[in-house]
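sequence plus predicted model, see below.
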Amino acid sequence: MLNTGEIMVQTRQKAGSMIWLLELAVPVFSLGGALAAIIFSGSGGDPVDLRYFATGCIIGSFILAYLAWIRPHKDIVALTTPIYSVFFFVMPSDFSVGIILILLYAVSLTLLLVRLKLRFGVAHTPENGGQSLKEPLKSYCETVRQQAAGIPLEAAHAAAVTFARFAQGEYREAAQAAGAATVSLTETNPCPPLVTAFAIVREQALLLDESTDQPEQFIEFSASDAAVLAKPLSPADQLNDRFEVSLDNALLLLFATAWNASAKDQPVLLLGQSFALKIFNP
Amino acid sequence: MKIGNIDVKVSYITIAVFVIFTIFLLSASVFSPDVRSNLIWLIPCLFLLLVIPVALNYLSRSQYAEVTPLYEAEAKTVRVKLINENMVGKPVRIEGVVERVHFQFLNRPQYLVADRSGAISVKMFTSPDEDVKVNDVVEVLGQVIRRYLVAGEPVINCVSIRKKKKSND
């Protein structure tokens, strides 16, 4: 089972390799197009319209603009290259598209890419994308900050793993993580609602994993836990609502606890923020 | 129309296209001797307008029929609210009421299926086994995808949609 740190590393590697491929694509497309133009124009036979080979420069321009866009500091020159590529190679004009123009343009794109990498910082990835918590999740996390202060780091990390696994639909893994956390927490028990939250998520994750119907008896929060819960408890006669609200509250409490007590898990929690917001505001 | 075990359905749009081009061809052949001389290949082409969609429908439905047992074995029954973008690629089963049906005439129906926890769009890229209407209670098997493949909210790429009981109307 992957922990949140491993998930982060995997996600970072995927994003990093994608950006590396895009950076490689700029000279490959633009210089490749220029090279093809040189080869085909010198091969004799019928004259070839060099605008076809300029397509590589156009694609390279758009990729360069994207790479500029995802950086914290925007390079206006790189951002506007798609406009120039359309002006030079697509729009009809008095001057003809020749090898020199394509070659110079391709070299310029490559130099702009080098400049972008040297002067405009590292591209954003999903982990450092500058995301932050949105309302009402942000306010709720603030509400439980005090209660989360005494939570051991391992328990907070387990909360993040449980939430992430549940959000991914990996219900068996979520139940295992919640079960392990419940055992470790019962020894110290710094926050009774958190123990209940783990127990609720474990129970409902197992039910989901086995595609079992809602049982008559299930674990719920007590009225004394209400202060740390995101949603008000449902009336006793509304069995279905109680079942669903219990899970919503449990997941949100795990999210908020992990957010406050385990800073290293925040990037992973941000990936699941949309799910947390969805269960907050269905 | 049944081919083997597969119940192939011809969409209304296919029939409409066939009828319109048949009328065009008949009209043209009445007024133009050139068209009449080419009827020997124009008529088979006309029938291809029916045959090709039927063949494609047969292929897609036979593939869906093959993967449905896999989804039945793998999919977890979830509430609509629990489906989120982190579940993209996961096989799921939902049960709910059909609130809206679109594009049935194209054999590419899209349903809005709701349960107590919320509603989700269910896209099907072939015709369903059953004629599903609004207010039908259905069981949907499918895979979570994004609405526009790489962007948009999560929707279900439906492999099977079955009625659980008769609609009230």
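Yes, it's here.

tell me what the longest helix seen in chain B is packed against?
If each helix of chain B is counted by residues according to DSSP state H, the longest one is helix B:39-74. With contacts taken as 3 or more C-beta pairs under 8 Å, 6 or more residues apart in numbering or on different chains; DSSP states H and E, helix B:39-74 sits against strand B:6-7, helix B:12-31, strand B:91-102, strand B:137-146, strand B:154-165. Every residue, glycine included, has its C-beta placed from N, CA and C.

now the closest residue to residue A:113 other than its chain neighbours: which helix or strand?
Spatial nearest neighbour of residue A:113, excluding adjacent residues (C-beta to C-beta, 6 or more residues apart in numbering or on different chains): residue A:26 at 4.9 Å. Using DSSP states H and E, residue A:26 maps to helix A:4-41.

thinking again about what came up before, residues near the residue nearest to residue A:113, how many?
28 (other C-beta atoms under 10 Å in any protein chain shown).

any idea how far it lies from residue A:65?
Look at residue A:26 and residue A:65: by C-beta to C-beta, to the nearest Å, they are 10 Å apart.

A strand includes residue B:34, no?
No - under DSSP: H, G, I helix; E, B strand; the rest coil, residue B:34 sits outside any strand and is assigned helix.

that one: neighbouring residues, count only.
That count, for residue B:34 with other C-beta under 10 Å as the rule, works out to 9.

which SS state does residue B:122 fall under?
strand.

who touches it in this structure?
B:110-113, B:140, B:142, B:155-156, B:158, B:161 (C-beta atoms under 8 Å, 6 or more residues apart in numbering or on different chains).

how about a cut-off of 7 Å?
By C-beta atoms under 7 Å, 6 or more residues apart in numbering or on different chains, the contact set of residue B:122 is B:110-111, B:113, B:140, B:142, B:155-156, B:158, B:161.

what of residue B:103?
B:109-110.

helix or strand with the lowest mean pLDDT in chain B?
Sorted by mean pLDDT, DSSP states H and E, the helices and strands of chain B end with strand B:2-3, the least confident at a mean of 74.

which residues touch that one?
Counting by C-beta under 7 Å, 6+ apart, residue B:58 sit against strand B:2-3.

okay, stretch B:137-146 in CSV with CA atoms only?
C-alpha atoms of stretch B:137-146 as CSV (Å, rounded to 0.1, in the frame of the first residue of the first chain):
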residue,chain,number,x,y,z
VAL,B,137,-35.1,3.2,-11.3
VAL,B,138,-31.9,1.9,-12.8
GLU,B,139,-28.6,0.2,-11.9
VAL,B,140,-25.7,1.7,-13.8
LEU,B,141,-22.3,-0.1,-14.3
GLY,B,142,-19.5,1.9,-15.7
GLN,B,143,-16.2,3.7,-15.3
VAL,B,144,-15.5,7.1,-13.8
ILE,B,145,-14.2,9.5,-16.5
ARG,B,146,-13.9,13.2,-16.9
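
how about that stretch: buried residues?
B:137-145 (16 or more other C-beta atoms under 10 Å in any protein chain shown).

same question for stretch B:40-50.
Buried, per 16+ other C-beta under 10 Å, within stretch B:40-50: B:46, B:49.

before we move on, what about stretch B:145-161?
Quick answer for stretch B:145-161 (16+ other C-beta under 10 Å): B:145, B:154-161.

other residues contacting that stretch?
Under C-beta under 7 Å, 6+ apart, the answer for stretch B:145-161 is B:64, B:67-68, B:71, B:83-85, B:87-88, B:92, B:111, B:120-124, B:128, B:132, B:138, B:140-144.

residue B:118 reaches residue B:81, doesn't it?
Yes - the criterion here is C-beta atoms under 7 Å, and residue B:118 meets it with residue B:81 at 4.6 Å.

between these two, who's got more neighbours?
When neighbours are counted by other C-beta under 10 Å, residue B:118 and residue B:81 differ, and residue B:81 comes out ahead with 19 against 16.

do you know how far that one is from chain A?
In this view, residue B:81 and chain A are 5 Å apart by C-beta to the nearest C-beta, to the nearest Å.

name the nearest residue to that residue, sequence neighbours excluded.
Going by C-beta to C-beta, 6+ apart, residue B:81 has residue B:117 as its nearest residue, at 3.6 Å.

equivalent analysis for residue A:240, please.
Nearest to residue A:240 is residue B:116, by C-beta to C-beta, 6+ apart, at 6.2 Å.

buried subset of the contacts of stretch B:145-161, written for PyMOL?
Buried subset of the contacts of stretch B:145-161, written as a PyMOL selection, criterion 16+ other C-beta under 10 Å:
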select buried, chain B and resi 64+71+83+84+85+87+88+92+111+120+121+122+123+124+128+132+138+140+141+142+143+144
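
burial count for the residue lying closest to residue A:218 once chain neighbours are set aside?
Using C-beta to C-beta, 6+ apart and skipping the chain neighbours, the partner closest in space to residue A:218 is residue A:243 (5.8 Å). Residues near residue A:243, counting by other C-beta under 10 Å, number 20.

just say helix, strand or coil for residue A:243.
helix.

again with residue A:94
Classified using three-state DSSP, residue A:94 is coil.

need the helices for the stretch 1-150 of chain A, in chain order.
A:4-41, A:55-69, A:76-79, A:81-89, A:99-119, A:137-143, A:145-148 (DSSP state H, counting those that start in this stretch).

residue A:167: which of those helices is closest?
When these are compared by C-beta to C-beta, helix A:4-41 sits nearest residue A:167, at 11.1 Å.

now residue B:119: which helix or strand?
strand B:118-123.
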